[in-house]
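Q: Whatever this is, show me its structure:
(chains A and B)
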Amino acid sequence: MSLAAALIGLFVLTYGALALIAFRRPLLARLAYREAVRRPWQTALVIAGLTVGTALILMAQINGDSMSNTLTAATYKSWGRVDLLVTANGDFFSSDVTARLATDPRLHGSVRGIQSGVEVVGSVADLDQSLDKPTVRLIGFDPQAQGPFGSFTLRDGQTTAGDDLGATGVLLSQSLAKSLQAKTGDRLKVTFGQTVADYRVAGTARSEGPGAYGSQPALFGTLDAFAPLTGTGRINVVRISALGDGAAELDNSQRIAPAVTATLHDVMPAGLAVRTAKADDVNEIVKLADAERPVTFALGIVIVLAGTALVVSLALALAEERRPRLAILRALGLSRTGLVVASVLEGAIYALAAAALGALPGIGAGWLMVSSAATHVPEIQEKNAAIVFSVSVEAIVASIAAGALITVATLVAASIRTTRMTIASAVRALPDPPSNRVPSGLRTGGVAIVGMASVAALLSGDATLRLVGGVGAILAIGLALRGRMPNRLWATIVGLGAAAWLFGVYGLLVATYLTYTSQAATGTYMLVATLALGVATLSTVVAVNMRAVERFVPRSLVAQLTRRPSKLWLATSSLGLILALFTFMGIFVASSSPDYRKDSGGFDVSVLTAGASSPNLAPALQSKVDRQLALSTRHYLGPVRSSTSLSGEPLDWHQALLPLYELADSQLTEPIAALADRGARFSNDAAVFGALKTDPTLVVSGLYRSGTTLSLVGRNGPVQLTVAGSYKTGFLPGIIGSSSSMAAFSAAPQETTLLLKLKPGVDPAVFALDVRRSLFPSGVEAVPTRDLLDAGSAAVRNFAAEAQLLITAGLLAGVLSLGILAMRAVVERRRSIGVLRAVGFQSRQLMLAVVGESLLTAAGGIVVGLFIGLILGSLFIQEYFPGSPVSIQFGQLALVVGLVLGTAAAVTVLPALAVARTAPAEALRVADS
Amino acid sequence: MNTDSMIVRASRLRKVYRGANEVEALRGIDLEVERGEMVAIVGPSGSGKTTLLNCLSGLDAFDGGQVVVDGQDLSKMSDRARTAYRSKNMGFVFQAFNLLPVLSAVENVEIPLLLQNLSSRDSRRRALEMLETLGLAHRANHRPDQLSGGEQQRVAVARALVHKPAVVWADEPTGNLDTEVTQVIVELLVRMNMDGQTIVLVTHNPQVAERARRTVRMRDGRIERAGSSDRSAVGVTQ
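A: A predicted model of the protein is given here:
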C-alpha cells in the first residue's frame, strides 16, 4: 500500500470516527459548529493560518511527481524503441554479429527488431551557415532494419526510414539544427577523430521516435553514409528492440538479455557485452528523481513544523478566550475527554477547510517549483527534457488528508493541554491557582520511559537516533530534576545543555561519520532534526529569560509576553525555524559560489578542438594570450556507474557522455587550479596530483566530488576509478587523470582542450567568439571559464532559489501568524486592556505595547534563527566544501531581519488600533458574548 | 437513592492554596445540609464561601476531610467519576450567568440532559417545559446576547434545574442583577425549594440570605455560626 493510500485511509477513518462522534453526541457537534461559524473573520484567519501544511505537502508532492515523470518520459524518449545495446567496450566489430543475432532461434518471438549501428562523438560544421558544433553524437543506422525502430518524422511532417537519404544525406536532431541554424540542403563537414567527411542536410528530425534518440545534439546517417568516417562494414553497437510498451517492454528486455548474452558467447566468446540500456537508465533516473524527494520533503518538514507551532498558538489563544465557557461545560458535567472531543470537532472543521483551500496555493507553488526545475536540475538540462507538470487527484487528496491530519493531531495534543483547568477558577475567569501537585506515578513513569528510550537511541547505530536520543536523555534528566531549582534556571540549563549536545554531536558527526555525498537523505534528515531541536531548545532559553526586558519597560505592558513562556516559545520557535533555514541556505549559497580566479586557476577561456595537436590560433588572437595549457582530451560515450552523483545518490550503470582529460607526467607536478575539495588523506592539492602520478586508479574531476568511486567500461572491460579531489563544478567537467589511468579509453578519438589565460583588458567572451570564428569549420568549442563555473554552480543557485520559495512561504506564514496572534491577543485580553486603561495607561502606550510585543517576539525568533543557522551552516560547509571559507551574506541577512521586523510591526497595526479604540468601561464590563 | 435525610455532609474539610504565600482557605469545616433544605452561605470577602461551595460541589479538589453528597464520597471519586456524578446530580447557577454564547436559551437549558444521553427530542421537550415554567418560553430561541441580565439568569436557573438534580449550587446568583430582578430570581429559587429542591447558595446580599431556611456565616475559613429561618423573619437568625 502506498503512503498516499495509507494517508487517505487514515483520513477517512479519522473523519469517519469524528462524524460518528458528532452524530452520537449532538451537543458537542453543535458546540463545534456554532463556535466555528460564530465569528467568520476570526474563522477565516484561523483557516488561513492552517493552510500552510497542505500547501507545502502538495507542493513537495507535485514537485516530486513532476520530476519523476519528466525525467522518466525523457529517458523513454531518448532511447526510442531501443532496449538493449551490444557493444565491444567502445571498439568496432563486424556487422556479422547482428546477422547471427537476427537468425538465432532463441530470440525469435521475443524481439521486435535488431539493427547494426554506429555511435561515436564528433564535430559538425555547417558550411553554408558558417556555424559549427563539437561534441555531437554521430548515430549510424541500417535503413533496412529501421522499420521496427520507427521512422524519422521530419519537420515538414514527412517520414523516412532512411532508405532515401543516399550516400551523403544525413538528418539532424532538432537541437543540432537549432545550434547550427541549419536548413535542408546545407553542406556539412563532419569530423571524427582525424577523419573528415562531407554531407548534406536531408532534413531535421523531430524530437520524437528515432529522432529523439540520444537526447544530445545528434546527426543521423545510414551506415553506408558513415563508412568514410568509421570504415566499411564496421559497427560499434547492435541495437535490439524488445516487444511490448512501457514497463512491459523493459521487463521483456531484461528477460531476453540472457539469451542475447548466450548467442554472443557463441559468436564471439570474449569482447562483446549486452546491456539493458533503456531499463538501466529508466531505473536510475527514477532513483535520481526519488532522491530529490527527501530533500524537498525535509525542507517542507521545517516549514510544516513552523506552521504547526502556529496551529498550537491559535488553539491556545482560542482556548484562553473560551476558558470560562469550557469550564462551565466541565461544571455541568462534560468530561475532560468530552471537552477535548468538542475542541477537536471544531478543529476538524477548520482543518478540513484549510486543507481543501491549501490545495490551491500548493498547486501554484508546485507549478513555480517545477517550472524552475528546467534551469536547475542537471538531468533535465542534460536530457533536454520537456517538463511534465503532474498534479494527480491522488496527490491532491493525499495532501489534503495529510494537512488535515497534521492539524487535527496538533489540535488533539493542544486540547489535552488547554482542557486542564481548575473549574472553579476558570468559571469566574480567574487564573488557575498554583499547582501543588506532587509528581504523579504516571509522570515519573513517563520520564523513565523517555530516559530509557533515549538511552536505547544513544546506544543504537543510527546517527540521527543518537542525536535525538541525547536530547531526550538531557530532557529526561532535566524533568527528573524539575522542582529542585527555580524554573527559569532549570529551563535555561536544560535548554543550553540540549543545544550544546546537538551542535557538538552534529559537528562531530559531520566531521567523522556523515558524508553528505554518500548519505544525502540521512544528512538532510539529521540536519533538519538538529535544526528543529536546536530551535526548540534555544527558544526555551529565550522564552524563559524574556523577563529581562521588564527592567526596561513597564512590567504591566509586557507581562502578557514575558510571563507566558509557553506562548512566547511557540512564536519564537515558529519564526526561528524559518530564519534558521534561511540563514543556513544563505551560507550554503554564498560558500558554494565560485571564486572565478581561484577556481579556474586564472585561465579565462577553454577551447576544445578535434585532433591531438593544439589548434593554431591566428597571430592576432595569440598575441592576446598570456599563458596556455593544452590537455589531451577524449569523449567517453558509454555506461557509467558512480557511488554518488550531483544529487548525492549512488547511480548504477547508465549511459553518459563524459570528457576525459589526460595529463602528461609533466602536467602532474602542480594543480591546474585550486581544488574545491580533496580526500582526507591528502594534505594539500599537490599531494593529490602526486598520487595521480603513481596510482592509475586515482583521478580528479570537475563533475564528481572527492571520494566518489566511478566505473566506466574501457577497452578490456570495466575500469574503476576513485576521485581523489575535485575542481569547482563546471571547470573541466569530466574526469582528469594520468595517461595510465586513461589508457583504457584510448579507442575514442583524441581531442585537445586548450586553457588560455588572457592578457589584462581582453574580454574572454569576445575572445572566445573570435576563436570559434577563426577556427571554423574544424568544430571548435570556445567558452569563457566564468560561464563554465556559472553553469556548474547553477544547480546549487537554483536549488537555493527553490528552497527560497519554501522559506518565503514559511516566513510569510510566520510573520502573518504574529499578526493573527496579536489580533487574538486583543480579543483575549479585552478585560486586561480595560484595566490598564482604567488605571491610567494611555491608549498610545497600549498600542505601542501590542506592537512592541510583536517586535520582541520577532526579535526572539531572529536571534534564535540566526544563531542556529550560522552554527549549522558553518559546520555543514566545513564538511561539504572542506577547506573552503564560510561565506555569510550579511547584507542579505540584514535585509531579511529588517523585513521581518518591519512586517511584524506592520501586521500588528490593526490589532493595535483595535486596542486604541477600546473604551475602558466597555472592556471592563464586557461579558463573554 | 440514598434515604439519609442529610444530602450533604462535610467533615473536617480543609483547602489550602499554595503559592508564594500559603493560604488555608478552609480550616476544618463541618457542615450538613438536609434534603430539601435551602442554605445560604454568607460572610465577608475572603472568608472561604465560594471555596466551600466549590469543594462541596466537586468543582474543586480539597486537601483534607470528607464530602459526602447523597451518599457518595466525593473525596474517593476520580475526576471522571466526579464529573459524571455532577452531570447527573448537581445543578449550578453562577454570578456571571455563564451561558454559552453560541447556543440559544433552549439549547443552553438542554445541555445537562444531552450530557446524560437523553434523546435530542426529549431533551428539547423538557428544556422547553422548564423555560415555560420560568416564563421564558417566548425567548427560547434567543441567544444570550439577545436576553436581559434577568432573563439570562433565569435561563441559567432553568439549566440548573432541568435535569432534577439532587442539589443546586448557586454562587452569588444575584450578584450581577438589580434589586427588582434579584427579587424575581430569589422568588424563583424559593419556589423551587418549596417544591423540594435542595439549594445551597453563596451570597453577600442579606435580602437573599434571609429567604433561605438556614444561613451559615463564615469567617477566615471557618463556620462562625449557623442559623435557621422561617423565611418570614428579617435578617439572619440563630
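Q: How about chain A: which residue is closest to chain B?
A: A:G333 (2.0 Å; CB to the nearest CB). For every residue, glycine as well, the C-beta is placed using N, CA and C.
Q: quick one: pLDDT of that residue?
A: With respect to pLDDT, A:G333 scores 87.
Q: and A:L479, what element?
A: Secondary structure assignment for A:L479, by DSSP states H and E: helix A:463-481.
Q: What lies in contact with that helix?
A: Identification of contacts with helix A:463-481 by CB atoms under 8 Å, 6 or more residues apart in numbering or on different chains yields A:447-448, A:450-451, A:453-458, A:460, A:490, A:493-494, A:497-498, A:501-502, A:505-506, A:509, A:513-514, A:522, A:525-526, A:529-530, A:533, A:537.
Q: tell me which residues of it are tucked away?
A: A:463-479 (16 or more other CB atoms under 10 Å in any protein chain shown).
Q: likewise stretch B:162-182?
A: B:162-163, B:165-177, B:181-182.
Q: At which residues are the strands of chain B located?
A: B:6-17, B:23-34, B:38-42, B:64-69, B:72-73, B:90-94, B:167-171, B:198-202, B:214-219, B:222-228 (DSSP state E).
Q: For these, give me a markdown table that also has distance to A:A74.
A: Formatted as a markdown table, the strands of chain B follow (distance: least, CB to CB, whole Å):
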| stretch | distance to A:A74 |
| --- | --- |
| strand B:6-17 | 73 |
| strand B:23-34 | 76 |
| strand B:38-42 | 83 |
| strand B:64-69 | 77 |
| strand B:72-73 | 75 |
| strand B:90-94 | 71 |
| strand B:167-171 | 75 |
| strand B:198-202 | 79 |
| strand B:214-219 | 85 |
| strand B:222-228 | 87 |
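Q: and chain B, which of its residues are near chain A?
A: B:16-19, B:50-51, B:54, B:59-60, B:79-80, B:83-84, B:86-88, B:90, B:92, B:94-98, B:100-103, B:107, B:110-112, B:114-116, B:120, B:144-145, B:159 (CB under 8 Å from any CB of the partner chain).
Q: Can I get the buried part of these as one ChimeraX selection?
A: Buried residues within the residues of chain B next to chain A, by 16+ other CB under 10 Å, are selected in ChimeraX with:
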select /B:16,50,51,54,59,60,83,84,86,87,88,90,92,94,95,96,97,98,100,101,102,103,107,110,111,112,114,115,144,159
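Q: which residues of chain B score low on pLDDT?
A: B:1-3, B:20, B:225-238 (pLDDT under 70).
Q: C-terminal to the helix holding A:L479, what's the next element?
A: Counting by DSSP H and E, what follows helix A:463-481 is helix A:487-512.
Q: what's downstream of that following helix, the next helix or strand?
A: helix A:520-545.
Q: Which secondary structure elements does that following helix sit against?
A: helix A:277-321, helix A:463-481, helix A:487-512, helix A:565-592, helix A:843-880 (3 or more CB pairs under 8 Å, 6 or more residues apart in numbering or on different chains; DSSP states H and E).
Q: Can you tell me how far the residue of chain B found nearest chain A is from B:A158?
A: Nearest residue of chain B to chain A (CB to the nearest CB) works out as B:S87 at 2.0 Å. Going from B:S87 to B:A158 by CB to CB, to the nearest Å gives 16 Å.
Q: now do A:E35
A: 22 Å.
Q: With neighbour numbers in mind, choose between those two.
A: More neighbours surround B:A158 than the other of A:E35 and B:A158, with 27 against 22 (other CB atoms under 10 Å in any protein chain shown).
Q: correct me, but the more buried one touches B:V109?
A: Yes: between B:A158 and B:V109 there is a contact under CB atoms under 8 Å: 4.7 Å.
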